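> Quick one, what's the 3D model for this:
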Amino acid sequence: MMRIYRDEDGDLGVLSGVPVGVIGYGSMGRSVALNLRDSGLDVRVGVRNLDESSDLAALERFSVAKIEDVVQACPLLFLLIADDIMPEVYLTRISPHLRRGQTLIFASGFNLTFRYIEPPSFVDVGLIAPRTLAAQLRNRYVQKQGFLTFVAANQDASGRVWRTILALAKACGALRGGALELSVEQETELDLFMQQAILPAFHHIMVTAAQFLIDEGYPPEAAMLDLYVSGELNEYIERASDNGLLHALRQGPAIAQFGAFTRLERFKELKMERLMAVTLEEIRRGRFAQEWSREYADGYPRLKRLLHEQEQLDLWEIEQQTIELFRAY
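Residues are numbered from 1 along each chain as shown. The predicted model follows:
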């Protein structure tokens, strides 16, 4: 049975006097570093290059150094570099300097699941994977609010990895909203499934609906406004997040409930279930990971082509016109 950890489960005393190395100072690295410092931890920032991010970290009064130096100085390392870049950085700048007793914390299970990174047996390895955007991670901490998180213990060389994970999660603010324990593999598969099954389906539905309504003679701005620009859909999703999908629908007027429930059967497509099954199977067997690895190594040619094709759609110009039209008010 999976467990949910709360704020009282983390003990910041575990990290008293322990330098914490935050590797990477992008949007996620910055939010995490600021949260950890505000929780009273000794935070050092490790960067690949001296650039704008390292300048920002120094400006915000962090001790900034090369990744190698931070790895050697800090028993606890929070790795917050993008998944595609991480294996090379780990192999060349982190792995050679690891020693017994150190702990590696990841924010994504991707490289561990597909063995692009294989930590040595003498270090602890954990996962703290917030289910929120980097900016929200910081904002919610400052506002003393919570956010939902996945946590996992991947390797417990010391016998104390859970104490470290929960203490660090508490310092990030990740236990205020609740942290659900699961495996690294499950976190990876769920994350990729959302990206490859839910987001494409949503994107396709919105684009298809917008084009259909425009072709049927509705003013383009009105179609885009009613579909999602107004924010009404966002409010529905927020209600669902707070109280559940059924509750969110039942909060609407009776005519909306009747229309949704009576037409629900039309959209119960077996093809959709099969597509989801195929997508999950590709993820679990590592086929997508291999596909992405080749794409990264080649310099993203397919991604660039697909993005270019999407950018050519006339719909996005209408979308921006609609947003600008109402932004003034």
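
> got a list of contacts for stretch 230-245?
Stretch 230-245 is contacted from outside by Asp226, Leu227, Tyr228, His247, Ala248, Leu249, Gln251, Gly252, using CB atoms under 8 Å, 6 or more residues apart in numbering. (Glycine included, C-beta is placed from N, CA and C.)

> Can I get those in CSV including neighbour count?
Below are those laid out as CSV (neighbours: other CB atoms under 10 Å):
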residue, neighbour count
Asp226, 15
Leu227, 18
Tyr228, 16
His247, 11
Ala248, 17
Leu249, 15
Gln251, 14
Gly252, 13
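
> what packs against the helix or strand hosting Phe212?
Using DSSP states H and E, Phe212 falls within helix 199-215. Contacts defined by 3 or more CB pairs under 8 Å, 6 or more residues apart in numbering; DSSP states H and E place helix 199-215 against helix 220-224, helix 315-327.

> May I see those helices organised as JSON lines, with mean neighbour count and mean pLDDT added?
Shown next, in JSON lines, are these (neighbours: other CB atoms under 10 Å; pLDDT from 0 to 100):
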{"stretch": "helix 220-224", "mean neighbour count": "19", "mean pLDDT": "91"}
{"stretch": "helix 315-327", "mean neighbour count": "14", "mean pLDDT": "86"}
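
> Low-confidence ranges, the stretch 201-329 of the chain, go.
Applying pLDDT under 70 to the stretch 201-329 of the chain flags residues 328-329.

> And the helices in it?
Listed from the start of the chain, the stretch 201-329 of the chain has helices (DSSP state H, counting those that start in this stretch) covering 220-224, 232-243, 245-250, 254-263, 270-284, 287-297, 301-311, 315-327.

> highest average neighbour count across the ones you listed?
Each of these was scored by mean neighbour count; the highest is helix 220-224, a mean of 19, by mean count of other CB atoms under 10 Å.

> could you dump it to PDB, C-alpha only?
As requested, the backbone C-alpha atoms of helix 220-224 are provided in PDB (Å, rounded to 0.1, in the frame of the first residue of the first chain):
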ATOM      1  CA  PRO A 220     -12.900  32.800 -34.900                       C
ATOM      2  CA  GLU A 221     -12.400  35.000 -31.800                       C
ATOM      3  CA  ALA A 222     -15.700  33.700 -30.300                       C
ATOM      4  CA  ALA A 223     -14.700  30.100 -30.900                       C
ATOM      5  CA  MET A 224     -11.200  30.500 -29.300                       C
END
